[in-house]
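Trainee: The sequence and its predicted three-dimensional model are supplied below.
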Amino acid sequence: MGQGLLLIVIGSILGASTLMFQSKQVALETTRIQTAYQEEVLAREIARSAYGVAFRKAQGAGNDLDKAIGFVNGTLQSGKANFDGEMTGSYQGGTYIVQAYTLDGQSVRIRSTGLFGNGEFTINENYNVKLLTVKNHSRITIEFLQSMAGYCSAVFMQRFLPYRGEKKPPMSGNYGNAEKKGYAYGKAVVSDDEKYWVMPPEMILNSGHNRTGAEATATPPDLSLAPETRINFFIGVDKNCSEEGIWEDQYDASKYDYIHNALEEDTQNMLDLQEGKYAMIEQHKTDDQKWRIAFEDLEGFSDAKLSDVKANSYGGSWDNGDQTYGGNGWTEQDALGYRKLKDHGDRPDFSDQVIQVTLTSCSGPCMPPA
């Protein structure tokens, strides 16, 4: 009996020891998981804080994207932005690495990575130039630059008037009957904590194709714009050219196969109007109130293909693995200093309908009525 009792006692001790060991292992694993989670949370906080610093630095450059990159990445001895540089530092016991790089003619991608212990978190977000915004009371000039298109397209302008709590803007010009035509007249669009009245579209160039040298007309001809007005442009693609040469006093979307906007609402957070995926907007090198807007009139391209051409220019066949046409960047300029556009047939080329928009400050009689 003594030996049996001893075996029972020893077995109990061993069982308890095993349970205790297992409990400690579970506790250690739980601690490890909690530590890993906490490190990831802290890494995320560091990444977001560093991104906020980089974003504010970029904002200090206004519309100068090269300067924005220089403010984040640092500059070379020549004073030019260091595109291979980065911003690094320590924060809350961890570290961060931030780099800014060019995406296209109006945005910079800011990549911010936070590190804490074994935790790592990366943010990739854009700093966007506020496009097609009127600074001062201005007259507008719209010039048609080129067209390499198989389809016909009409070009329209649409104004977003700043809303300050007043009643709806008066109907004038060639707006037509907004209620009858179903325009988004009076719709509020939130943008940087401001609101805009969305005005009916105005035709500036009727349906046509391959019409380099054609004259574009802003209507009414004495059109003037108030400060902070946003101006959008879009093409109505008329694939069979059934509307070619026909002038419209009232926009009718049903006449067109589809619409490609220069500016579109940011559907993720509604913060601002940003470049549409089928348009490429480029600010003039020396005049921040002048832009070239180049439209692609074909449909069916993926976001990756359109973004790749905007960032890297043209290339060869599409590489599904690397998600690129293999372009080497925009190395050529046209006579006006913009990126040189070329016709690439069934690839996105943004050369189908191309206009230049110029805002010229004015005063006195040119100012719109209050």
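Mentor: Sure thing, it's come through.
Trainee: Ramachandran angles for Asp66?
Mentor: phi -60, psi -40 (degrees, to the nearest 10).
Trainee: For it, which residues are in contact?
Mentor: Counting by C-beta atoms under 8 Å, 6 or more residues apart in numbering, Asp66 touches Lys80, Ala81. All C-beta atoms are positioned from the backbone trio N, CA, C, and that covers glycine.
Trainee: separation between it and Gly79?
Mentor: Asp66 is 11 Å from Gly79, where distance means C-beta to C-beta, to the nearest Å.
Trainee: Now do the same contact list for Gln356.
Mentor: Neighbouring residues of Gln356 by C-beta under 8 Å, 6+ apart: Ile142, Glu143, Leu145, Lys290, Trp291, Arg292, Ile293, Leu336.
Trainee: ignore the last one, Asp322
Mentor: Per C-beta under 8 Å, 6+ apart, neighbours of Asp322: none.
Trainee: of the contacts of Gln356, closest to Gly245?
Mentor: Ile142 (18.5 Å; C-beta to C-beta).
Trainee: Which secondary structure elements does the strand or helix carrying that closest one sit against?
Mentor: Using DSSP states H and E, Ile142 maps to strand 138-146. Packing contacts for strand 138-146, counted by 3 or more C-beta pairs under 8 Å, 6 or more residues apart in numbering; DSSP states H and E, involve strand 224-225, strand 353-361.
Trainee: Using TSV, lay out these together with mean pLDDT and distance to Phe121.
Mentor: What follows is the helices and strands packed on strand 138-146, written out as TSV (pLDDT from 0 to 100; distance: least, C-beta to C-beta, whole Å):
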stretch	mean pLDDT	distance to Phe121
strand 224-225	80	43
strand 353-361	91	40
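Trainee: Now distance to Gly316 too, for the ones you listed, in CSV please.
Mentor: Converted to CSV, the helices and strands packed on strand 138-146 look like this (distance: least, C-beta to C-beta, whole Å):
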stretch, distance to Gly316
strand 224-225, 43
strand 353-361, 24
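Trainee: which one of those lies closest to Asn118?
Mentor: Here strand 353-361 is closest among the helices and strands packed on strand 138-146 (C-beta to C-beta), at 51.2 Å.
Trainee: Going by neighbour count, list what's buried in that closest one.
Mentor: For strand 353-361, the neighbour count (16 or more other C-beta atoms under 10 Å) marks Gln353, Val354, Ile355, Gln356, Val357, Leu359 as buried.
Trainee: likewise stretch 337-347?
Mentor: In stretch 337-347, counting by 16+ other C-beta under 10 Å, buried: Tyr338, Arg339, Leu341, His344, Arg347.
Trainee: Kindly indicate which of those residues lies nearest Tyr251.
Mentor: Leu341 (26.6 Å).
Trainee: which secondary structure element contains the closest one?
Mentor: Judged by DSSP H and E, Leu341 forms part of no helix or strand.
Trainee: gap between it and Ser307?
Mentor: 17 Å.
Trainee: How about Gln323?
Mentor: For Gln323, the distance to Ser307 - C-beta to C-beta - is 9 Å.
Trainee: residues in contact with the nearest residue to Gln289 once chain neighbours are set aside?
Mentor: The shortest distance from Gln289 to any non-neighbouring residue, by C-beta to C-beta, 6 or more residues apart in numbering, is to Leu359 (4.0 Å). Residues in contact with Leu359 (C-beta under 8 Å, 6+ apart) are Val134, Lys135, Ser138, Arg139, Ile140, Thr141, Leu225, Gln289, Lys290.
Trainee: With distance to Asn261 added, can I get the buried residues of strand 353-361 in CSV?
Mentor: Output for those, formatted as CSV (distance: C-beta to C-beta, whole Å):
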residue, distance to Asn261
Gln353, 13
Val354, 15
Ile355, 14
Gln356, 18
Val357, 14
Leu359, 19
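Trainee: from those residues, which is closest to Ser107?
Mentor: Of the buried residues of strand 353-361, the one sitting nearest to Ser107 (C-beta to C-beta) turns out to be Val357, at 18.5 Å.
Trainee: For the closest one, which non-adjacent residue is spatially closest?
Mentor: Using C-beta to C-beta, 6+ apart, the closest residue to Val357 is Trp291 (5.1 Å).
Trainee: do the same with Gln333
Mentor: Gln333's closest residue in space is Lys340 (C-beta to C-beta, 6+ apart), at 5.8 Å.
Trainee: For that neighbour, give its distance to Lys277.
Mentor: 21 Å.
Trainee: Same check on Ser307?
Mentor: Distance from Ser307 to Lys277, by C-beta to C-beta: 8 Å.
Trainee: How about Asn82?
Mentor: From Asn82 to Lys277 the distance is 30 Å (C-beta to C-beta).
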